[in-house]
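> Sequence plus predicted model, see below.
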Amino acid sequence: MRVAATDEIAQGKGKELDVKGVKIALFNVGGKYYAIEALCRHQNGSLAPGRVDGEIIECPLHSWHYNITTGKLIDYVDGVRLLTYPVTIDGNQIYIDV
């Protein structure tokens, strides 16, 4: 499903999307796009406005850190993982497979 154009998401930033009723955070990391569940497992804060550092997104509410390529929480609780979604770029259009 087409969700955005590449120029809508600046380098190192994210955008929260509603794709078929699923909240997804889409990130631009060095011109490569990653899509993960948008809500942090801690208190359901949106990850989209969080600070991106390489492949790590920091939840802006309480600083939980997730790897945006795998969805894995990298601190606090073992085994916590967000779903990730395949992203395809066609020209300047971004598609996510939900």
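Looks like it arrived, so ask away. Numbering: from 1, shown residues only.

> C-alpha from now on. contacts and neighbour counts both.
Will do.

> Note down every partner strand of the longest strand along the chain and its orientation.
For the chain, the strand that runs over the most residues, judged by DSSP state E, is strand 22-29. With DSSP bridges as the test, strand 22-29 is paired with strand 14-19 (antiparallel), strand 32-37 (antiparallel).

> Give me the buried stretch members for the last one, please.
When you say that, I think you mean strand 32-37. Residues 33, 34, 35, 36, 37 are the ones in strand 32-37 that count as buried (16 or more other C-alpha atoms under 10 Å).

> try the first one
Applying a neighbour-count criterion of 16+ other C-alpha under 10 Å, one finds 14, 15, 16, 17 buried in strand 14-19.

> Next up, the contacts around the second one.
Okay, so that is residue 15. Taking C-alpha atoms under 8 Å, 6 or more residues apart in numbering, we find residue 15 in contact with 9, 25, 26, 27, 48, 49.

> Can you select the buried ones from those residues in PyMOL?
Listed next is the PyMOL selection for buried residues among the contacts of residue 15, using 16+ other C-alpha under 10 Å:
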select buried, resi 9+25+26+27+48+49
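
> Distance-wise, check residue 58 relative to residue 38.
From residue 58 across to residue 38, the span is 12 Å (C-alpha to C-alpha, to the nearest Å).

> Looking at these two, which is more packed in?
Relative neighbour count places residue 38 above the other of residue 58 and residue 38, with 26 against 21, counting by other C-alpha atoms under 10 Å.

> any idea how far residue 37 is from the spatially most central residue of the chain?
The residue lying closest to the centre of the chain (C-alpha atoms, centre = their mean) is residue 25, at 3.6 Å. According to C-alpha to C-alpha, residue 25 stands 6 Å off from residue 37.

> do the same with residue 66
11 Å.

> thinking again about what came up before, was I right about the residue nearest to the centre of the chain contacting residue 16?
Yes - at 4.5 Å, residue 25 counts as touching residue 16 under the criterion of C-alpha atoms under 8 Å.

> Residue 89: what's its closest spatial neighbour, skipping adjacent residues?
Spatial nearest neighbour of residue 89, chain neighbours left out: residue 95 (6.3 Å); criterion: C-alpha to C-alpha, 6 or more residues apart in numbering.
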